[in-house]
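Undergrad: give me coordinates for this.
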Amino acid sequence: MKRREFLKKSGVLAAGIVTAPALFDMAGYSKTIPISETQDLESLFNISAVEAEKLLQQALACGAQSADLFFEYRPSSSLRIEDGIIKDIQYGIILGMGVRAIKGDQIGYAYTDAIDFQSMKRAAETAANIANSKRSLEAIRFQKVPTKNLYSVKIYSIDTDLNPKIALLNEADKSARQFNSRVSRVIASFSDELRQIMYFDSNGKKFQDVQPLMSLRVQVIAEDGARRQGASASRSARAGLEFFEKPENTPSDIARQAASTAIINLDARPAPAGPQVVILGAGESGVLIHEAVGHGLEADYSYKNLSNYSGKVGQKVASENCTIIDSGLFPSKRGALNVDDEGNLPSSTVLIENGILRGYMHNSISVRMMKSNPTGNGRRQSYAYPPLARMTTTYLQKGNYAPEEIISSVKKGVFAKGFSGGQVDTIKGDFTFGVTEAYLIEDGKLTAPLKDVTLIGNGPDTMNKILMVGNDLKISDGTWSCGKDGQNVPVSVGNPTVKISEITVGGS
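TA: Residues are numbered from 1 along each chain as shown. Here you go, the predicted model:
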C-alpha cells in the first residue's frame, strides 16, 4: 500500500500534527510505508509535471515575476517516559502544498492541505492576486536539481518498531538515576520525523528531497534538602538509530551529562554580576554567534535596513580573530541540507573573514534585490509558510590556541560551558543568553561552579572583543531550533573555546 492510500484509509489526510493512538501497537509501532516504496514523490503528491506547469501559469497570470510550488509530506512521532513509565506516545502527519507568487520583494502566498488539482488551483489563484497586470505566459520546461547526499541513514527511524526507541529511553532513565542518589526525577523523550518535499518553479527548476530528523532529550531534577536544580542534555541528527551507538551519543552518556549538570548546580554559588572576562566553552556557546551575529547577517534583514550589519560589506565589524561561516554541508548534522527549500544547494558561506564583513545568507528574493548569488539559505517551517533567509550551521572558525592556554590566561573571570538559548534585537544587536553550566575562573583555573548566569551584551561590540580563539571547534549535536517571523526550523551551532575581554554577566 502506498503512503497516500494508507493516509486516506486512516482518515488522517490533513494538515497539522495530530495524535493518533489507534496507529500504535507494541509490536508494530510505525504504520507508514518505507520510503523505498515511494521514491517517486510526484506519485505521492498526485501531481504531474503538466499539472505543475498549469498551477504555475495560474500563479503567474496576474503579473507576478516568478512563482513556485512546494509540496510536503511529513510523518512524525514522539514518545516520552517519566520516571520509568511511558506517559505519552503521539503520531502526526503534515501534508499539503504552498504556492508563492513573487513581484519584487512582495509575495502572494497561499496553501492547501487538500492535495487535489482544484484545491491547488484555488491556492494558485489566491497567490496570483499579488500582481495586477497581465503578462504573456511561456511554456515551462522542468530540469531536476542534482541534490547532495548529506544524510547517513540505514533505516529511517520513523519506519522502525517502537521497542528499540523505548529501550533507548529506559537506558537513559536508568543511567541518570544511577549517577547520583540526589537525582529525584527523570524525563526522557524521543522524537523523529521524515520530511519529504518536492518543488517546481516558473524558471523550470524541480527538486525533491527526503529529510530525516530525530532527537533524544533527557531532563533531570536533582534535590538536596530545600535545594533543587534541573538540567537537560540532548542529541539530534539526520541519521538512523545507529547514531546512538556512538560512545559520545549513547543514551547513558546523554543522561549522565544532564545528571552531572544538575548535581553540579546544586552546589553552585551565585554568579558575580557586572562586566567580566568571559571564556566560552566549545560547542554549545555557538548559540551566541547564532543569535548575536547570525540573524543580523540574514540578507532579508539587511536589504530592508533592519540589521546593524546593513550596507557594511567590506567594512571591519569584528576582531581580526573572528571568521564566521554558515554551512549546510556538515553530514548528518541537524543543520545539514541536501538542498534548501527553494532548490538551491547549500554552501559554506563566509560571512565575516578576519573581522571584515564579506556577505550575507540569502533566499531567492534577497538574491534578486541585492543582485547577489544564492547561498542555500532559503528555508521554511512547512508548506504553510513562505521561505525566508535562514541559518543552517553557523559557527566561529577555529583558531590557534589550546583551550587550556586560553583558560590559564585569565586572572579572574567566568567560564560559560552550557547554554539554554538566547534572544537578540537584530537592529541594535543587543543580546541576552542563559547559561546552564558555568564556573568561576581564578588564577587561570576553573574553581567554583556558578548558577543563575546570564550574558548580556551587544553583538558587534562583543565580536570586537574576541582576544583568543581555540583550536577545538565543536559542532553541537543538541536539539537547536531557530525562530524567525513565527517560523521554527532545525539548526546546528558550533564554536571553539573563545576568550572575550568583557561581557556583562548577570547574576546575584
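
Undergrad: from now on I want contacts and neighbour counts done on CA atoms only, so please keep to that.
TA: Will do.

Undergrad: got the end-to-end distance for stretch 476-489?
TA: Start-to-end span of stretch 476-489 (Cα to Cα, to the nearest Å) is 16 Å.

Undergrad: what segments of the protein are helices?
TA: Applying DSSP state H to the chain gives helices spanning 3-10, 41-44, 49-60, 117-128, 162-179, 251-266, 286-289, 299-303, 364-370, 403-408, 459-463.

Undergrad: mind checking the pLDDT average for the first one?
TA: When you say that, I think you mean helix 3-10. The average pLDDT within helix 3-10 is 36.

Undergrad: flag the shaky bits of this structure, pLDDT-wise.
TA: By pLDDT under 70, the weakly predicted segments of the chain are 1-39, 131-137, 507-508.

Undergrad: please convert the helices of the chain to CSV, extending it with distance to Ile475 and mean neighbour count.
TA: Below are the helices of the chain laid out as CSV (distance: least, Cα to Cα, whole Å; neighbours: other Cα atoms under 10 Å):
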stretch, distance to Ile475, mean neighbour count
helix 3-10, 35, 14
helix 41-44, 32, 17
helix 49-60, 39, 22
helix 117-128, 39, 21
helix 162-179, 23, 20
helix 251-266, 16, 24
helix 286-289, 8, 25
helix 299-303, 24, 23
helix 364-370, 27, 19
helix 403-408, 16, 17
helix 459-463, 19, 21
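
Undergrad: for the ones you listed, which one sits closest to Ile325?
TA: Across the helices of the chain, the minimum distance to Ile325, taken as Cα to Cα, is reached by helix 286-289, at 10.0 Å.

Undergrad: so which other helices or strands are in contact with the closest one?
TA: strand 393-396, strand 412-424, strand 492-495 (3 or more Cα pairs under 8 Å, 6 or more residues apart in numbering; DSSP states H and E).

Undergrad: 7 Å - rerun?
TA: Helix 286-289 sits against strand 492-495, with contacts defined as 3 or more Cα pairs under 7 Å, 6 or more residues apart in numbering; DSSP states H and E.

Undergrad: direction included, what does the strand it packs on pair up with?
TA: Strand 492-495 has the following strand partners under DSSP bridges: strand 393-396 (parallel), strand 474-475 (antiparallel).

Undergrad: of the ones you listed, flag the one that's most buried.
TA: Ranked by mean neighbour count under mean count of other Cα atoms under 10 Å, those are led by strand 393-396, which reaches a mean of 27.

Undergrad: could you dump the strands paired with strand 492-495 to CSV with distance to Ile85?
TA: Listed next are these as CSV, based on distance: least, Cα to Cα, whole Å:
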stretch, distance to Ile85
strand 393-396, 35
strand 474-475, 33
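
Undergrad: of these, which is nearest Gly359?
TA: For those, the distance to Gly359 is smallest for strand 393-396, at 13.6 Å, taking Cα to Cα.

Undergrad: contacts for that closest one?
TA: For strand 393-396, the external contacting residues (Cα atoms under 7 Å, 6 or more residues apart in numbering) are 286, 289-290, 294, 322-328, 335, 491-496.

Undergrad: ok, stretch 277-287 next?
TA: The contact list for stretch 277-287 (Cα under 7 Å, 6+ apart) reads 395, 413-419, 421, 472-476, 493-503.

Undergrad: make it 6 Å
TA: 395, 413-417, 419, 474-476, 493-502 (Cα atoms under 6 Å, 6 or more residues apart in numbering).

Undergrad: just stretch 437-452 next, same as before
TA: For stretch 437-452, the external contacting residues (Cα under 6 Å, 6+ apart) are 268-271, 407-418, 507.

Undergrad: narrow these to those that are buried.
TA: Buried by 16 or more other Cα atoms under 10 Å: Ala268, Ala271, Ile407, Val410, Lys412, Gly413, Val414, Phe415, Ala416, Lys417, Gly418, out of those.

Undergrad: these: which two are farthest apart?
TA: Across these, the longest distance by Cα to Cα is 20.5 Å; it joins Ala268 and Val410.

Undergrad: related to what we said a few turns ago, columns distance to Arg379 on top of the helices of the chain, output as TSV?
TA: Listed next are the helices of the chain as TSV, based on distance: least, Cα to Cα, whole Å:
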stretch	distance to Arg379
helix 3-10	25
helix 41-44	20
helix 49-60	20
helix 117-128	19
helix 162-179	29
helix 251-266	29
helix 286-289	19
helix 299-303	12
helix 364-370	10
helix 403-408	35
helix 459-463	24
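
Undergrad: tell me which of the ones you listed approaches Ser234 most closely.
TA: helix 251-266 (6.2 Å).

Undergrad: is there a neighbour count for Glu502? I'd like the number.
TA: 19 (other Cα atoms under 10 Å).

Undergrad: isn't it right next to Gln276, touching?
TA: Yes - between Glu502 and Gln276 a contact is recorded at 5.0 Å, counting by Cα atoms under 6 Å.

Undergrad: from Pro212, how far off is Gly240?
TA: To Pro212, Gly240 is 8 Å away according to Cα to Cα.

Undergrad: settle it for me: which of these two has more neighbours?
TA: Comparing Gly240 with Pro212 by other Cα under 10 Å, the one with more neighbours is Pro212, at 24 against 21.

Undergrad: wait, the more buried one sits on Leu194?
TA: Yes - between Pro212 and Leu194 there is a contact at 4.5 Å, judged by Cα under 6 Å.

Undergrad: what's opposite Glu442 in the beta bridge?
TA: Assessed by DSSP bridges, Glu442 has beta-bridge partners Lys412, Lys445.

Undergrad: roughly how far apart are it and Gly470?
TA: For Glu442, the distance to Gly470 equals 20 Å [Cα to Cα].

Undergrad: the more surrounded of those two?
TA: Ranked by neighbour count (other Cα under 10 Å), Glu442 and Gly470 place Gly470 first, with 24 against 16.

Undergrad: return the backbone torsion pair for the nearest residue to Lys474 once chain neighbours are set aside.
TA: Distance criterion Cα to Cα, 6 or more residues apart in numbering; nearest residue to Lys474, sequence neighbours excluded, is Gly283 at 4.6 Å. Phi and psi for Gly283, reported as degrees, to the nearest 10, are phi 100, psi -100.

Undergrad: and Ser152, how many residues sit next to it?
TA: Ser152 is flanked by 17 other residues according to other Cα under 10 Å.

Undergrad: how many other residues sit next to the closest residue in space to it that isn't next to it in sequence?
TA: Closest residue to Ser152 apart from its sequence neighbours, by Cα to Cα, 6+ apart: Ala239 at 5.3 Å. A total of 25 residues lie near Ala239 under the criterion other Cα under 10 Å.

Undergrad: let me see the contact set for Ala239.
TA: Ala239 makes contact with Ser152, Val153, Ser332 under the criterion Cα under 6 Å, 6+ apart.

Undergrad: can you list those in CSV and add distance to Thr375?
TA: Shown next, in CSV, are the contacts of Ala239 (distance: Cα to Cα, whole Å):
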residue, distance to Thr375
Ser152, 23
Val153, 25
Ser332, 19
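
Undergrad: buried ones in stretch 239-248?
TA: Residues of stretch 239-248 classed as buried: Ala239, Gly240, Leu241, Phe243, Phe244 (neighbour count, 16+ other Cα under 10 Å).

Undergrad: any figure for the gap between the residue lying closest to the second one once chain neighbours are set aside and Leu194?
TA: In space, Gly240 comes closest to Val153 once its chain neighbours are excluded; the distance is 4.9 Å by Cα to Cα, 6+ apart. With the distance defined as Cα to Cα, Val153 ends up 11 Å from Leu194.
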